[in-house]
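Undergrad: need coordinates for the below:
(2 chains)
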Amino acid sequence: DQQVKQNSPSLSVQEGRISILNCDYTNSMFDYFLWYKKYPAEGPTFLISISSIKDKNEDGRFTVFLNKSAKHLSLHIVPSQPGDSAVYFCAASGTDSNYQLIWGAGTKLIIKP
Amino acid sequence: DTAVSQTPKYLVTQMGNDKSIKCEQNLGHDTMYWYKQDSKKFLKIMFSYNNKELIINETVPNRFSPKSPDKAHLNLHINSLELGDSAVYFCASSPSGGETQYFGPGTRLLVL
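TA: Predicted structure coming up:
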């Protein structure tokens, strides 16, 4: 029973264009959401997060949008760069998960030159 | 000055052996975690320690035993290794439970 779903295993985007990665969740008690980036043979690295009291958080080229009614969040990367090619994991936590992070399966982003 | 380090990075061993993976964090965090990334690439929490005390212990065989000698270290000992234990194991830490976690580089375990 996956509480956090990333339905696209992979995504290919042209360099310079916008990359949009999606994540859906089922648990309405989640109140904190994070995106992590992972290169091969390395651990995940924190990218950006958003609290449920906000619907948008921006950090440079990265913006996370949260739609609580749809239980959906997305990560926008613009403009996409070759170094953005990685696997992106969505994670969520809340009071009833004891603040344990619940992870999606990841989306592999490929930026084409 | 790596924030979260794990040793070894690669571990190849025979079924039935006992092995340990070490994790150290120099971030001053109170909480440390062990995750297993399985063949389907899901990250699954195994254990979480807060100030050397176990706070999360997911359904993990009791062949896996975490040990936290101090809040900067969380080691994972695995007894009687099985083929299904082959995976990548990640250590992570956070200032306290529920906040952003910082990951080590992973230990790639292969059981033959």
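
Undergrad: got the CA coordinates for stretch B:71-87 in PDB?
TA: As requested, the backbone C-alpha atoms of stretch B:71-87 are provided in PDB (Å, rounded to 0.1, in the frame of the first residue of the first chain):
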ATOM      1  CA  LYS B  71      24.700   9.800  19.000                       C
ATOM      2  CA  ALA B  72      27.300  10.300  16.200                       C
ATOM      3  CA  HIS B  73      27.400   6.600  15.300                       C
ATOM      4  CA  LEU B  74      24.900   4.000  14.300                       C
ATOM      5  CA  ASN B  75      26.300   0.700  13.200                       C
ATOM      6  CA  LEU B  76      24.400  -2.200  11.600                       C
ATOM      7  CA  HIS B  77      25.300  -5.700  12.300                       C
ATOM      8  CA  ILE B  78      23.800  -8.500  10.200                       C
ATOM      9  CA  ASN B  79      24.000 -12.200  11.300                       C
ATOM     10  CA  SER B  80      23.700 -15.200   9.100                       C
ATOM     11  CA  LEU B  81      23.500 -13.300   5.900                       C
ATOM     12  CA  GLU B  82      21.000 -14.500   3.300                       C
ATOM     13  CA  LEU B  83      20.800 -14.000  -0.500                       C
ATOM     14  CA  GLY B  84      17.800 -11.600   0.000                       C
ATOM     15  CA  ASP B  85      19.900  -9.300   2.100                       C
ATOM     16  CA  SER B  86      21.700  -8.100  -1.100                       C
ATOM     17  CA  ALA B  87      20.800  -4.500  -1.400                       C
END
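
Undergrad: go through that stretch and flag the buried ones.
TA: Burial within stretch B:71-87, assessed by neighbour count using 16 or more other Cβ atoms under 10 Å in any protein chain shown, is assigned to B:Lys71, B:Ala72, B:His73, B:Leu74, B:Asn75, B:Leu76, B:Ile78, B:Leu81, B:Asp85, B:Ser86, B:Ala87. Bear in mind the C-beta positions are built from the backbone N, C-alpha and C, glycine included.

Undergrad: A:Ser28: what's it in contact with?
TA: Applying Cβ atoms under 8 Å, 6 or more residues apart in numbering or on different chains to A:Ser28 gives the contacts A:Lys71.

Undergrad: am I right that it is in a helix?
TA: No: assessed by DSSP: H, G, I helix; E, B strand; the rest coil, A:Ser28 does not belong to a helix; its assignment is coil.

Undergrad: can the lowest-mean-pLDDT helix or strand in chain A be found next to chain B?
TA: Confidence across the helices and strands of chain A bottoms out at strand A:102-103, with a mean of 89, counting by mean pLDDT, DSSP states H and E. Yes: in terms of Cβ under 8 Å from any Cβ of the partner chain, part of strand A:102-103 sits within range of chain B, namely A:Trp103.

Undergrad: now do that strand: everything it contacts.
TA: Outside strand A:102-103, the residues that reach it (Cβ under 8 Å, 6+ apart) are A:3-4, A:25, A:27, A:30, A:89-93, B:42-44.

Undergrad: go again with 6 Å.
TA: Contacts with strand A:102-103, where a contact means Cβ atoms under 6 Å, 6 or more residues apart in numbering or on different chains, come from A:Gln3, A:Val4, A:Phe89, A:Ala91, A:Ala92, B:Leu43.

Undergrad: wait, which of the residues you listed is closest to B:Pro8?
TA: For those, the residue nearest B:Pro8 by Cβ to Cβ is B:Leu43; the value is 20.1 Å.

Undergrad: low-confidence ranges, chain B, go.
TA: B:1-2, B:97-98 (pLDDT under 70).
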